[in-house]
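**Student:** 3D model of this:
(one chain, ligands or ions: 1)
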Amino acid sequence: MLRIAIIGAGRIGQVHARTVAAHPGAQLALIADPVAGAAAKVAEGYGCRSTESVDDVFADQGVDAVVVCSPTPYHVDQIIAGIAAGKAVLTEKPVDLSMARVEECIAAIAGNEHRVMVGFNRRFDPGVMELRQRVQAGEIGDLRQLTIISRDPAAPPAGYLTASGGIFRDMTIHDFDMARFLLGDFVQVATSAHAYIDDIGGIGDFDTATVTLTTASGAVCTILNSRVCAAGYDQRMEAFGPKGSLEATNLRTTGIRFNGASGTEVAGPYLPFFLERYADAYRNELDHFITSIEAGTAPSPSILDGKAALALADAADAAARQQTTVPLG
Ligand SMILES: NC(=O)c1ccc[n+]([C@@H]2O[C@H](COP(=O)([O-])OP(=O)(O)OC[C@H]3O[C@@H](n4cnc5c(N)ncnc54)[C@H](O)[C@@H]3O)[C@@H](O)[C@H]2O)c1
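**Tutor:** Alright, predicted model coming up:
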């Protein structure tokens, strides 16, 4: 039974708290958040302990592992402190917004990389897992074109956006990891991006982006992102090869379709947002983390996967700003 603490009791911290509490191989031991009452409020629902001092988590002998769910700028220090205290670490994405900080983190945890996992949860989505397994089984032949569509229902609040590191490091980073998961390494990135929302353009960020990544063998991944989408949380993927294509489509609140005078094949809305859409993925992710840590094997995605996704985000950002194609080293 792995005794797990949650660091940061916000949106994703609450998802992980629920997932840990429900896992038969885990015990939700402690929740920490520096904002007065924030951790206690979440902990109350599970009858677990809480603290307003994150340092308590690292000192606690009743904690074997931590899930880092704090805002991104705190991840590196908390990963390092967790490892130094002998805890295993599942950290939310991105590891950091700065490559120098990610490298600092990798150096600090040297020898303990197998105790750190990065929360690219989409790798654990049942649809993504099946699509990848069928691509690898050769069902469509060589994967030549991969299209990833990821659009949010609404833009996050201004405060979040300002500290987010921009669309590529905050949002597209999931898709960069998906692209690597399916196609491996890339040699070139091209980006077109625009800000239709004044507040987003005003902070030098983009709300709409198309990124094209090319592999050495010529396979291409196209990522389509938008911070807003009238249809809701739009999460799709298509893999195309000489023998066919495989699609992972949106999940909906109901499988029933209406046919009548007002329309035909009218489907229910998409699942609202990441909490609902990726609930299975968060469960599978946690399960992999627990299984790996207990077996002493390295969980995946690793901190090096976190670094590789950030490198793609940095390159895509540069390509968007320079309006040019960027070779990848
Ligand atoms: N994998 C995913 O699907 C996913 C989804 C959302 C967010 N995230 C990532 O999770 C992280 C948190 O995002 P969020 O949306 O939950 O943010 P949030 O603002 O909802 O929650 C952050 C929480 O951390 C607390 N906090 C502030 N400073 C802290 C510190 N020094 N130590 C510990 N806790 C601190 C805040 O009080 C707040 O409760 C971000 O890095 C984000 O990129 C991942």
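
**Student:** contacts and neighbour counts: CA atoms only from here.
**Tutor:** OK.

**Student:** which residues of the chain lie near the ligand?
**Tutor:** Applying CA under 6 Å from any ligand atom, one finds that the chain approaches the ligand through 7-13, 33-35, 69-72, 74, 92-94, 119-121, 170, 274.

**Student:** mind running it again at 8 Å?
**Tutor:** Proximity of the chain to the ligand, by CA under 8 Å from any ligand atom, involves residues 7-14, 32-35, 38-39, 54, 68-75, 78, 92-95, 119-122, 160, 164, 170-171, 174, 274-275, 278.

**Student:** count the neighbours of the nearest residue to Asp205 once chain neighbours are set aside for me.
**Tutor:** Among residues not flanking Asp205 along the chain, Gly166 sits closest, at 5.6 Å (CA to CA, 6 or more residues apart in numbering). As a burial measure, Gly166 scores 20 neighbours (other CA atoms under 10 Å).

**Student:** same thing with Glu104?
**Tutor:** 14.

**Student:** ok, Asn284 next?
**Tutor:** Under the neighbour criterion other CA under 10 Å, Asn284 is assigned a count of 19.

**Student:** adjust the sequence numbering to begin at 23 for everything that follows.
**Tutor:** From this message on, residue numbering opens at 23, which makes the last subject Asn306.

**Student:** domain ranges for this protein?
**Tutor:** The record's domain parsing of the chain by automatic domain parsing lists 24-140, 145-302+331-349.

**Student:** ranking these by burial, who's on top?
**Tutor:** Compared across these, domain 24-140 shows the largest average neighbour count, a mean of 20 (mean count of other CA atoms under 10 Å).

**Student:** distance from it to the middle of the chain?
**Tutor:** Domain 24-140 sits 16 Å away from the centroid of its parent chain (CA atoms, centre = their mean, to the nearest Å).

**Student:** same check on stretch 212-220?
**Tutor:** In terms of CA atoms, centre = their mean, the centre of stretch 212-220 is found 21 Å from the chain centre.

**Student:** also stretch 200-212?
**Tutor:** A distance of 16 Å separates the centroid of the chain from that of stretch 200-212, by CA atoms, centre = their mean.

**Student:** touching that stretch from outside, list them.
**Tutor:** Residues from elsewhere that reach stretch 200-212, judged by CA atoms under 8 Å, 6 or more residues apart in numbering: 144-145, 154, 165, 168, 233-238, 241, 243, 331, 334, 337-338, 341-342, 346-351.

**Student:** out of these, which are inside helices?
**Tutor:** Arg154, Ala331, Leu334, Ala337, Ala338, Ala341, Ala342 (DSSP state H).

**Student:** would you list these in TSV and tack on distance to Asp227 and pLDDT?
**Tutor:** Below are these laid out as TSV (distance: CA to CA, whole Å; pLDDT from 0 to 100):
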residue	distance to Asp227	pLDDT
Arg154	32	98
Ala331	19	98
Leu334	17	98
Ala337	15	97
Ala338	13	97
Ala341	13	95
Ala342	10	95
